[in-house]
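Peer 1: Make a model of this:
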Amino acid sequence: MKTSRRTMLAGMAGLVAAPQAVSAFVPPVAASDMTVAEERYARMIAAAHAPDVTCARQAERYADLHWRDYVAAARAVLDARA
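Peer 2: Residues are numbered from 1 along each chain as shown. Predicted coordinates:
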């Protein structure tokens, strides 16, 4: 399987997982424990999960508030790329 396809599948798996379910098993992430790539990807996943993704401002606000909930999914995607 090509790397890009693995990345896409891992990303889809990360998007399917509800952040509330993941947060029950994963301890909260300290800001110093994550990389810039993890934070940016987590923000992108959070924006995709915004209630109204057709409005860019609302998606951006949702991502700013909830991106920490998506760090585990972002790490899974980035680890799949490695």
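Peer 1: Which helix or strand in this structure has the lowest average pLDDT?
Peer 2: Each helix and strand of the chain was given a mean pLDDT (mean pLDDT, DSSP states H and E); the minimum falls on helix 19-23 at a mean of 51.
Peer 1: could you point out which element follows that helix?
Peer 2: Toward the C-terminus, helix 19-23 is succeeded by helix 36-48 as the next helix or strand (DSSP states H and E).
Peer 1: For that next one, give me every contacting residue.
Peer 2: By C-beta atoms under 8 Å, 6 or more residues apart in numbering, the list of residues contacting helix 36-48 from outside reads 11, 14-15, 34, 53, 59-60, 62-64, 66-71, 73-75, 77-78. Yep, even glycine has a C-beta here, placed from its N, CA and C like the rest.
Peer 1: Buried subset of those residues as a PyMOL selection?
Peer 2: When burial is assessed using 16 or more other C-beta atoms under 10 Å, the buried subset of these is captured in PyMOL by this command:
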select buried, resi 11+14+34+59+62+63+66+67+68+69+70+71+73+74+75+77+78
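Peer 1: Just the ones of the contacts of helix 36-48 in helices?
Peer 2: Using DSSP state H to define helices, the subset of the contacts of helix 36-48 located there is 11, 14-15, 59-60, 62-64, 66, 71, 73-75, 77-78.
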